[in-house]
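Student: based on what follows, work out the 3D shape:
(2 chains)
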Amino acid sequence: MAIVIEKLAANDKMVKHYLFDKPSVSVGRSYSNDICLDDPYVCPEHLHIEQDPHSGEIQIHDRDSVNGLLINGKPAKQAILKHSDVISLGKTRLRLFDSSQAVEPTLRLSPIESRLAVLSHWRFALLLAFIYALTLTYQAYQNTFVDFEIGQMLPRLLSEFLLLSAWPLLFGLLARLQKQEARLASQYSLIWLFALLTVGLSLTNQWFRFNFPQMPAWNLLELIVMGLVFFSLLWLSLLIAFHQSTARRNRIALGCSLIFVSLVMGWHQVKQADFSPRPVYRFLLMPDDYAVGQGVNSEAFIEQLHNSYDKAAKARDKD
Amino acid sequence: MRLTLLPAGRCRLLFLCLWLVTLTGQAQESAKDLFGHFQPALYQIRMIEVESGNKSSIGSGFQVSRDGLIVTNYHVISDSVFYPEKYRIEYLSQDGQSGLLSLQQIDVVNDLALVRRDPGQPVHFDLAASLPSQGDGIYSLGNPHDLGMIVVPGTYNGLKKNSFNQKIHFTGSINPGMSGGPTVNAMGQVVGVNVATAGNQIGFLVPLEPLQKLVASTSEQVPEDFLADIQQQLIDNQTRLLTAFTQTPWQLASLGQAQVAGEVVNFLPCWGNSNANDKSAQYLTVQKRCRLEEEIFLHSQLRTGTLEIEYEWLTSDKLSSTAFYNLYEQGLQNVGPGNNAGKESVTSFQCQQQRMINNSGMKLRFVFCTRAYKDFSQLYDVLILGASYDRDRQGLISHFTLAGVTRELSLIFTRHFVEALAWQ
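Tutor: You can find the predicted model right below:
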């Protein structure tokens, strides 16, 4: 049986931990105390703590201090504490309990965590950044129809990288706020990986849309894939940044992804409902080598056009 | 060249008429006589906005029979056809009298309308039996910018060349507010109705024939539903316009190394362009654009009757195949309709994309879009944009837009269009 005293930060996170294997402990600003607090609002002799040797019950007394004691925000002279009680003296917050108090169960280490080890090397992050820069440059080169100048590419790359940096920096900062490692290398590796993945997926999507423009439910599939990519990115970023249970991480990632997907959907809906005097479409074109089959013949082509008339007539009748 | 319909006079005092300078003594004499004699048969036609009780737009009109039939432009009174509760038509005669007019017949294709003043007054214009000969002096009457009735002498210059619905080419100033006024020969007989201007002394008049037809139609009943009447007129007009396109396969003409539609009809003028003189360009583009130079005004938010056919052939020996296709793809992202139409009049475009192979073996990818007219159940605007994709560094963009057509007619047209594309 011993007294455990935790010094808490404003967000109730533990800052410092003390263990006293004796029945009484004194807290105050003077050097003679068991715990000496560097807080000008605390009296030299502020607080006395006693533990009942039989029941393990912890009792506290205010020693006529200037600023008094608050237990869970309420003033008190003396009290018997429960495990969850937070006491404030001056600007310091403490939690006291018996050392026999059980700790929370151990979190199972995600098997993914060990595989992510490779991400944590700065060399890997830089390699990925280089590959991504090459990809962007190549795409820009293929979209330039005058003489290509590499110098003009630099500001574009720089702004792209700065923009994407927002994500790893945000998670690094959040992790630091939680008194954990920022692990910026891993976060950066992750964002480059996902940027490359997005490029790949969008090329695949273009190929699909070029070949099978009439594919039903493709829009839905596109949205689902978009949601999945966002979910995985967020899930992995959380895994790297915080120590939290898998269930909690799943909940956060799922919730945010659903919000993301519904925002995208809502935006599409709003855009579709707006009247536009010009047609809204995206024309995709690739050379014959990428084509699957040769498309329908004229008769079938004309036959399918009826759909558009029917849709337009339906839109008219709705008004 | 763009034609401007005379906006039913929203007063712009910029063009104070300088016509007096150009008059000869003789013309002055007959102009004075004409004006004096026919003054009672000339009216200002006003659209009165019912709520405010004030005029919202004005035009001119002239009486053609003893029993009070008055001819004006359709575009002067179009508001009252689409919004009969919001607008009524009134006349203001030269002696300051005003009163209600009732709509009798309309001809949207030729921009004519027939209204009735009840009771009429005895002075009226007669229609000429035939058109004058080129160079004859004729006189346009009307009320420009609400300044009062004036006479504009000018010259008859025949019918406008290569036009589908014919117009008289009048050399003389027609100005906003004169719409619907008559143009008469030296004997005071009506040969045309003021309708549009292309600026700089070039004016256009509705010729005699549709005018005679309209006046003769007074024996028919007044249509109960003017919108249904308009729809039928548009269908008839578009059928006539597109007959030549839908009966036989189109003749092909070469554009770069591709073959596209040659001249199918003589009223569809085509213009060409290319960047062959640009030495720094990494690609060559050759274009051909054909556009009907007239459109049908239905109301301020809706014009129709347009027809546009465009082709562009692209090639490059400097760009890689991927870069060429990116360039090619960029040229396809921004197609629009040829006619103006607002939210009140049409739905948004409904589009579909498709790959197909035509009978000449050209592999193409198309986006096809159509929108429906809210007031006319059978009419659609249709546009198509296509691109060949079976050559590595060569492409053919093809495009047409049709406005105010039925589904059947536009599908036949589309069928002919997609077949009239080939490689040489």
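
Student: once you drop chain neighbours, what's closest to whichever residue of chain A sits closest to chain B?
Tutor: Residue nearest to chain B within chain A: residue A:295 (3.2 Å; Cβ to the nearest Cβ). (Each C-beta comes from the backbone N, C-alpha and C, glycine too.) Nearest residue to residue A:295, sequence neighbours excluded (Cβ to Cβ, 6 or more residues apart in numbering or on different chains): residue B:355, at 3.2 Å.

Student: contact partners for that neighbour?
Tutor: A:210, A:211, A:213, A:291, A:294, A:295, A:296, B:363, B:364, B:365, B:366, B:389 (Cβ atoms under 8 Å, 6 or more residues apart in numbering or on different chains).

Student: what about the closest residue to the third one other than its chain neighbours, how many neighbours?
Tutor: Right, the one you point to is residue A:213. With Cβ to Cβ, 6+ apart as the criterion, residue A:213 has its nearest non-adjacent residue at 3.6 Å, and that residue is residue B:353. Using other Cβ atoms under 10 Å in any protein chain shown, residue B:353 is surrounded by 19 other residues.

Student: picking that back up, test my guess that the residue of chain A closest to chain B contacts residue B:366.
Tutor: No: using Cβ atoms under 8 Å as the test, residue A:295 is too far from residue B:366 to be in contact (9.3 Å).

Student: look at these two and report which has more neighbours.
Tutor: Neighbours per residue, other Cβ under 10 Å: of residue A:295 and residue B:366, the larger number sits with residue B:366, 23 against 20.

Student: enumerate every residue touching residue A:26.
Tutor: A:32, A:33, A:34, A:35, A:45, A:47, A:48, A:49.

Student: pull up the pairing partners for the helix or strand containing it, direction included.
Tutor: Here residue A:26, judged by DSSP states H and E, is contained in strand A:24-28. Sheet partners assigned to strand A:24-28 using DSSP bridges are listed as strand A:35-36 (parallel), strand A:47-51 (antiparallel).

Student: dump the ones you listed to JSON lines, plus mean neighbour count and mean pLDDT.
Tutor: As requested, the strands paired with strand A:24-28 are exported to JSON lines (neighbours: other Cβ atoms under 10 Å in any protein chain shown; pLDDT from 0 to 100):
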{"stretch": "strand A:35-36", "mean neighbour count": "16", "mean pLDDT": "91"}
{"stretch": "strand A:47-51", "mean neighbour count": "20", "mean pLDDT": "90"}
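
Student: okay, and residue B:385 sits in which element?
Tutor: Residue B:385 belongs to strand B:380-388 when assigned by DSSP H and E.

Student: what's the first helix or strand after that strand?
Tutor: strand B:394-405.

Student: show me the contacts for residue 69.
Tutor: I'll assume chain A. By Cβ under 8 Å, 6+ apart, the neighbours of residue A:69 are A:47, A:60, A:62, A:75, A:76, A:77, A:87, A:88, A:89.

Student: my question was about chain B, not that one.
Tutor: Applying Cβ under 8 Å, 6+ apart, we find residue B:69 in contact with B:63, B:104, B:114, B:115, B:116, B:120, B:215, B:218.

Student: any figure for the gap between it and residue B:106?
Tutor: Residue B:69 sits 13 Å away from residue B:106, going by Cβ to Cβ, to the nearest Å.

Student: identify the contacts common to those two.
Tutor: residue B:114.

Student: and residue 148, how many neighbours?
Tutor: Let's take chain A. Residue A:148, neighbours per other Cβ under 10 Å, totals 14.

Student: let's do chain B instead
Tutor: 9.

Student: before we move on, what about residue A:78?
Tutor: Residue A:78, neighbours per other Cβ under 10 Å, totals 13.

Student: hang on, isn't it packed against residue A:60?
Tutor: Yes: applying Cβ under 8 Å, one finds residue A:78 in contact with residue A:60, separated by 6.2 Å.

Student: which ones are touching residue 213?
Tutor: In the absence of a named chain, this looks at chain A. Contacts of residue A:213 (Cβ under 8 Å, 6+ apart): A:284, B:352, B:353, B:354, B:355, B:365.

Student: chain B, not that one
Tutor: Contacts of residue B:213 by Cβ under 8 Å, 6+ apart are residue B:107.

Student: thank you kindly, that will do.
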